[in-house]
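Engineer: coords below, sequence missing:
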Ligand SMILES: CC(C)(COP(=O)(O)OP(=O)(O)OC[C@H]1O[C@@H](n2cnc3c(N)ncnc32)[C@H](O)[C@@H]1OP(=O)(O)O)[C@@H](O)C(=O)NCCC(=O)NCCS
């Protein structure tokens, strides 16, 4: 059975950090980063997991910060072996629905120009390009800032 829950802290943070390490284009958050972020009032981290008898495996996460009518996706990844199976879509739809319920009207995020998979993903959700941050990443890549009106 597949489910989406809010990450509220605890040892799952280690698993989330592993997903970041495996999914190289996710922001490189440590387990401590996840714990700190989850403790913020204006943040939510949603996790998608698969349960099989007594095993529960976390397969991805979507982290967001929101203030009044605006929100920012701060980190998002599905573990590599489960990508392109629409888990990201499920998780992202859940996150956007949560934000709509909170009264958020505009969601922004930043993505590398070279991250084709993520750019295609956000295009499918009808995000549009608002600006470019030159050499935003340590690697020298530019970042695209994308926006979606909810
Ligand atoms: C971005 C990410 C979370 C998407 O999750 P996912 O579960 O693989 O995505 P989905 O299967 O829901 O894909 C939905 C749509 O996005 C697009 N898409 C996803 N991956 C793609 C790829 N590798 N190439 C082209 N299009 C892609 C497709 O339009 C796809 O629909 P389709 O499969 O019906 O054609 C995933 O690629 C990932 O974890 N990447 C590494 C971390 C990362 O870059 N995070 C974003 C940082 S800004």
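Structural biologist: Yep, it's here. Computed from a predicted structure; not experimentally measured. Numbering: from 1, shown residues only.

Engineer: what residues does this structure put near the ligand?
Structural biologist: Within the chain, the positions adjacent to the ligand are 23, 25-26, 76-78, 83-89, 111, 115-118, 120-121, 124 by Cβ under 6 Å from any ligand atom. In this view, the C-beta of every residue, glycine as well, is placed from N, C-alpha and C.

Engineer: go with 5 Å
Structural biologist: Taking Cβ under 5 Å from any ligand atom as the contact definition, the chain meets the ligand at 23, 25-26, 76-78, 83-84, 86-89, 111, 117-118, 120-121, 124.

Engineer: go through the protein and flag its longest helix.
Structural biologist: As assigned by DSSP state H, the longest helix anywhere in the chain is helix 87-101.

Engineer: show me which positions of it end up buried.
Structural biologist: Neighbour-count burial for helix 87-101 flags 87-88, 90-92, 94-96, 98-99 (criterion: 16 or more other Cβ atoms under 10 Å).

Engineer: what is the nearest of those residues to the ligand?
Structural biologist: Checking the buried residues of helix 87-101 against the ligand with Cβ to the nearest ligand atom, the nearest one is residue 88 at 2.3 Å.

Engineer: OK, contacts around that closest one?
Structural biologist: 60, 76, 78, 121 (Cβ atoms under 8 Å, 6 or more residues apart in numbering).

Engineer: among those residues, which ones are in strands?
Structural biologist: Within these, residues falling in strands by DSSP state E are 60, 76, 78.

Engineer: of the residues you listed - the most surrounded one?
Structural biologist: Compared across the ones in strands among the contacts of residue 88, residue 78 has the highest neighbour count, 27 neighbours, by other Cβ atoms under 10 Å.

Engineer: nearest residue to it other than its sequence neighbours?
Structural biologist: Sequence neighbours aside, residue 60 is the residue nearest to residue 78 in space, at 3.6 Å (criterion: Cβ to Cβ, 6 or more residues apart in numbering).
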